[in-house]
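Novice: can you look at this prediction? I've put the sequence above it.
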Amino acid sequence: MSTQRFTCTETAKLIRSALKEAFAGVKFSVRGREYSGGASIRIEWIDGPTTAQVEKITNRFKASYFDGSIDYQGSISQMMDGKPVSFGADHIFTERQNSDEAVALAIDAVYSGFAHNFKAEGFDKPTVEQYRKGALMDWRLAGVHADGNASVQADIRNAMAQRSAHTAEVKHSKTAGRVFVTHDDGYSRQHGCGMSAVPCTVLF
């Protein structure tokens, strides 16, 4: 059976349709870029679904995976409508932007959880402006931030990664449901860190 091949532009169009179906009302920017030796797609949006929710949709359209432990890029094989396909983007990058409203909600969550610790350190409740400027990276709470990389800035960022200013309902995507990953080339499992593309096939 011959393999149907999609260009980067065609792959981006499929992803755009799948995201529109899964996350009604959320505006996504889906941009493809071709370069010597490959292509990638970048997806951005504000608030709405978490990165993990979006990647359950987008991961099935990736044409390759990367194992940094051996500096190796391997291939991923998919089927769509029961036929083998080859998508036109080696990498799909996702980035959720956060509105001031989302930042404020995350600050509220962190501050309410550690109000006593903030007061003990003499810290007022952080502001959105302080977070935007990165001024909270040096704010550490005794008994909370033992790790050198831990900070109030990181706590707020992590809180935003797990929640949204607007609840995003994940609906069934007919487009995503047409696609599933069958296998990858197996090289990472044999010679690298053991990566596998197959677990990304959660159905929608």
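Specialist: Right, received. Where do you want to start?
Novice: help me confirm that Ile43 comes into contact with Gly32.
Specialist: No. Between Ile43 and Gly32 there is no contact under C-beta atoms under 8 Å: 10.1 Å. The way it works is simple: take the backbone N, C-alpha and C, and place the C-beta from them, glycine included.
Novice: which of the two has more neighbours?
Specialist: Ile43 (22 against 19; other C-beta atoms under 10 Å).
Novice: show residues contacting the host helix or strand of that one.
Specialist: Element membership of Ile43 [criterion: DSSP states H and E] is strand 38-46. Strand 38-46 is contacted by residues 8, 11-12, 15, 19, 26-33, 54, 58, 61, 64, 88-99 when judged by C-beta atoms under 8 Å, 6 or more residues apart in numbering.
Novice: could you rerun that using 7 Å?
Specialist: 8, 11-12, 15, 26-33, 54, 58, 88-97, 99 (C-beta atoms under 7 Å, 6 or more residues apart in numbering).
Novice: okay, buried residues for it please.
Specialist: Buried residues in strand 38-46, counted by 16 or more other C-beta atoms under 10 Å: Ala39, Ser40, Ile41, Arg42, Ile43, Trp45, Ile46.
Novice: where's the fourth one relative to Asn149, distance?
Specialist: Think Arg42. 27 Å (C-beta to C-beta, to the nearest Å).
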